[in-house]
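Undergrad: Predicted model follows, preceded by the sequence.
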Amino acid sequence: MSTPSLLILPGDGIGPEVMEQVRRVIGWFDDKRGLAIDVSEDLVGGAAYDKHGVPLADETMAKAQEVDAVLLGAVGGPKYDNLDFSVKPERGLLRLRKEMDLFSNLRPAQCFDALADFSSLKRDIVAGLDIVIVRELTSGVYFGEPRGIIEEGNERVGINTQRYTESEIERVARSAFELARRRSNKVCSMEKANVMESGILWRDVVNEVHQADYADVELSHMYADNGAMQLVRAPKQFDVILTDNLFGDILSDCAAMLTGSLGMLPSASLGAPMENGRPKAMYEPVHGSAPDITGQGKANPIACILSFAMALRYSFDQGAEADRLEAAIEGVLADGVRTADLLGEEGVTPVSTSGMGDAILAKLDASL
Ligand code: NAD
């Protein structure tokens, strides 16, 4: 692969603080592993609004369409709460997702052993957990027509429509099967085929794609309500969970809490393959801009660093280096190094945002 390109959009609040640590990690891979990445940087969210009067400038959008991957920090903050809806910081994020057509949202739920006690579930149920939820992101009940609130007789009726075309199901199913092949080769597809026609079609299309091109991947199906139960009963039975927009919204938040802290959760949103065969991609931590801790050195940079690890794995074909980075993070946590969001146990070492960056770089050095 020629030098991969990455557009960094730090955004607002703690976004720039956590991104600073990612930049150090990128520098480490360049210096010590000869992994050059063509990094460019731009504004998004409130920071872009302050400069351009819009939460994402057209030139930034154009750049995002050209690079191999986008890495975003976080957007939003109280300063922008009263802006018109059309220029709110979140609109910048939505524009990126929409114009890049990022239909496949990957939310890993990974529980590092050292943090198993932060989960609301028992240690043995979550320790070592490593699953990914693939959520369809651009269709389904959040977008289907007709929608609205209408008058019917003497009362109002709220309407939303769950609608999926075969091609929408097919492309996200392919994304889940491709992902499974890079992991433990297992997909569990979740819908409500027992009560919803869209669920019946979902199951049919997933089976067809599987038989045609991915018969080597182990495929199972589960009703989404049972899936929610199984996620809290025995989450380690899963590898990749494939589901629609609505169920994915709920199941991914549920799975996220298995792992403890918002400061630990990365995500990726993938689109159609580009000319080089790799999908369009945006990586971002799940957390927001955390205005309550901005500027205090308290932000945990791990979610953003793990998002970069996902970029290494899924956009830059550097799975072994992604493993190295994840192992370094695991090692730091095992040593008891903790940012403020992860305090509470005896005998741990509290560190600042940059202190966590130092510890991760030291572990990376030790991995050589
Ligand atoms: P938030 O995720 O910013 O914060 C929720 C809580 O988690 C806060 O107490 C915060 O201090 C803590 N937290 C979050 N990330 C952390 C980290 N890395 N390290 C340590 N603690 C962390 O959610 P919120 O408070 O509901 O929203 C704040 C702003 O962020 C709002 O403007 C919201 O619209 C925006 N937001 C943006 C995104 C995004 O950019 N993708 C996502 C969610 C919220």
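TA: All right, it came through fine. No experiment lies behind these values; they were computed from the predicted model shown.
Undergrad: what's the pLDDT at Ser120?
TA: Confidence at Ser120, expressed as pLDDT, is 86.
Undergrad: which ones are touching it?
TA: By Cβ atoms under 8 Å, 6 or more residues apart in numbering, the contact set of Ser120 is 257-258. C-betas here are computed from N, CA, C, even on glycine.
Undergrad: distance of it from the ligand?
TA: 16 Å (Cβ to the nearest ligand atom, to the nearest Å).
Undergrad: do Ile149 as well
TA: 25 Å.
Undergrad: now Leu106
TA: 15 Å.
Undergrad: do the same with Thr294
TA: On the measure of Cβ to the nearest ligand atom, Thr294 and the ligand end up 8 Å apart.
Undergrad: Was I right to think that residue contacts Pro16?
TA: No - applying Cβ atoms under 8 Å as the test, Thr294 and Pro16 come out as separate, 9.2 Å apart.
Undergrad: List the backbone torsions phi and psi for the closest residue to the ligand within the stretch 151-300 of the chain.
TA: Proximity of the stretch 151-300 of the chain to the ligand (Cβ to the nearest ligand atom) peaks at Gly288, 2.4 Å away. Taking degrees, to the nearest 10, you get phi -90, psi -160 for the backbone angles of Gly288.
Undergrad: all numbers from here: first residue = 192
TA: Renumbered: residue one is now 192, and that last one reads Gly479.
Undergrad: For it, grab the count of nearby residues.
TA: Per other Cβ atoms under 10 Å, the neighbour tally for Gly479 reads 19.
Undergrad: so which strand or helix has the closest residue to the ligand within the stretch 242-391 of the chain?
TA: In the stretch 242-391 of the chain, the residue that lies nearest the ligand is Gly267 (2.6 Å; Cβ to the nearest ligand atom). Gly267 belongs to no helix or strand when assigned by DSSP states H and E.
Undergrad: Tell me the backbone dihedrals of it, please.
TA: phi 110, psi 170.
Undergrad: Surely it and Glu281 touch.
TA: Yes - distance between Gly267 and Glu281: 6.1 Å, which falls inside the contact criterion (Cβ under 8 Å).
Undergrad: what's the overlap in contacts for these two?
TA: Gly236.
Undergrad: Quick check: the residue of the stretch 342-491 of the chain closest to the ligand touching Pro269?
TA: No - counting by Cβ under 8 Å, Gly479 stays clear of Pro269, with 11.7 Å between them.
Undergrad: OK, contacts around the residue of the stretch 342-491 of the chain closest to the ligand?
TA: 204, 265-267.
Undergrad: Dump the residues you listed into CSV; add neighbour count and distance to Asp556 as well.
TA: Shown next, in CSV, are the contacts of Gly479 (neighbours: other Cβ atoms under 10 Å; distance: Cβ to Cβ, whole Å):
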residue, neighbour count, distance to Asp556
Gly204, 29, 30
Ala265, 32, 28
Val266, 30, 33
Gly267, 23, 35
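Undergrad: need those residues in TSV with pLDDT, can you?
TA: Output for the contacts of Gly479, formatted as TSV (pLDDT from 0 to 100):
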residue	pLDDT
Gly204	98
Ala265	98
Val266	98
Gly267	97
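Undergrad: which of these sit farthest apart?
TA: Spanning the widest gap among the contacts of Gly479 are Gly204 and Val266, at 8.1 Å by Cβ to Cβ.
Undergrad: Need the overlap of contacts for those two.
TA: 479-480.
Undergrad: Quick check: which ranges of the protein have low pLDDT?
TA: Residues of the chain meeting the criterion pLDDT under 70: 192.
Undergrad: so Leu442 sits right up against Gly418, yeah?
TA: Yes - using Cβ under 8 Å, Leu442 is in contact with Gly418, at 6.2 Å.
Undergrad: near the ligand, which residues of the stretch 392-541 of the chain show up?
TA: By Cβ under 6 Å from any ligand atom, the part of the stretch 392-541 of the chain that sits against the ligand consists of 453-454, 475, 478-484, 490-491, 494, 532.
Undergrad: Between the contacts of Gly479, which sits nearest Phe303?
TA: Ala265 (21.7 Å).
Undergrad: So what pairs up with that closest one in the strands?
TA: Gly202 (DSSP bridges).
Undergrad: Now do the helices in the chain.
TA: For the chain, the helices defined by DSSP state H cover 206-224, 237-243, 249-257, 280-290, 314-317, 357-372, 388-404, 415-424, 436-448, 493-505, 510-525, 544-557.
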